[in-house]
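Chemist: Sequence first, then the predicted structure:
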Amino acid sequence: MSAHTNTSEITFQPPHTGGTKRIWRVFWVLSVLTIIELALGYTLYLTHGHWGYGLVISTKVLIGLLTLAKAYYIVSVFMHLGDEIRNFIMTIVIPLLLFVWFIIAFLADGNSWRNMRNTEAGSKVSTEQTTPAPAAVKEGDKQ
């Protein structure tokens with residue numbers, strides 16, 4: 001038997017590429033973005049009704065943009081999409097954008113249909129009274 005007991009199956013370590021720094025950087029970026037989102041959300045909650053409509057909407061849009069930035073960063077780093085070639089990235093991103101567009105279009109169409117259904121817009125139903133008018137009362141029938 002050999003004095004060397006280490007086998008390559010057990011002791012193999014891939015070369016260290018400095019990925020730890022990248023992981024910590026991603027951790028801190030995602031943490032800061034999350035803290036900003038939470039602070040904005042709590043601020044909206046605590047000031048409910050005191051802010052104007054425009055400020056509330058712009059804060060919600062900012063929270064949405066921060067969420068999209070986090071999603072991009074997660075997909076880019078943890079799913080390794082940022083390391084791929086441009087054609088492969090477009091193969092994934094374009095169908096995703098079309099899918100999101102379909103959802104928005106179907107929601108808008110459904111809302112439009114609901115609004116038209118609740119009104120008489122475009123309705124072919126006559127608005128005339130469909131029940132017969134009451135019969136005229138004769139002089140002899142009066143009491």
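Modeler: Sure, I can see it. Because the structure is predicted, anything quoted here is derived from the model rather than measured.
Chemist: Relative to residue 79, how far out is the closest residue to residue 74 other than its chain neighbours?
Modeler: Nearest non-adjacent residue to residue 74, counting by CB to CB, 6 or more residues apart in numbering: residue 30, 7.3 Å away. C-beta here means a position set from N, CA and C on the backbone, and glycine is covered the same way. As judged by CB to CB, to the nearest Å, residue 30 and residue 79 stand 14 Å apart.
Chemist: Which one's more surrounded, the two?
Modeler: In this view residue 30 and residue 79 are compared by other CB atoms under 10 Å, and residue 30 has more residues nearby, 16 against 11.
Chemist: pretty sure the more buried one is touching residue 72, no?
Modeler: No - assessed by CB atoms under 8 Å, residue 30 is found out of contact with residue 72, at 11.1 Å.
Chemist: Next secondary structure element downstream of the worst-scoring helix or strand of the chain on mean pLDDT?
Modeler: Across the helices and strands of the chain, mean pLDDT, DSSP states H and E gives its lowest value to helix 8-11, namely a mean of 54. Reading on from helix 8-11 to the C-terminus, the next helix or strand found by DSSP states H and E is helix 19-46.
Chemist: tell me the angle the following helix or strand past that next one makes with helix 19-46.
Modeler: For helix 19-46, the following helix or strand on the C-terminal side (DSSP H and E) is helix 53-77. On the basis of axes from the mean of the first three to the mean of the last three CA atoms, to 10 degrees, helix 53-77 is oriented at 160 degrees to helix 19-46.
Chemist: tell me which strands and helices helix 53-77 is in contact with?
Modeler: Other elements packing on helix 53-77 under the criterion 3 or more CB pairs under 8 Å, 6 or more residues apart in numbering; DSSP states H and E are helix 19-46.
Chemist: so who does the residue nearest to residue 74 touch?
Modeler: Applying CB atoms under 8 Å, 6 or more residues apart in numbering to residue 30 gives the contacts 70, 73-74.
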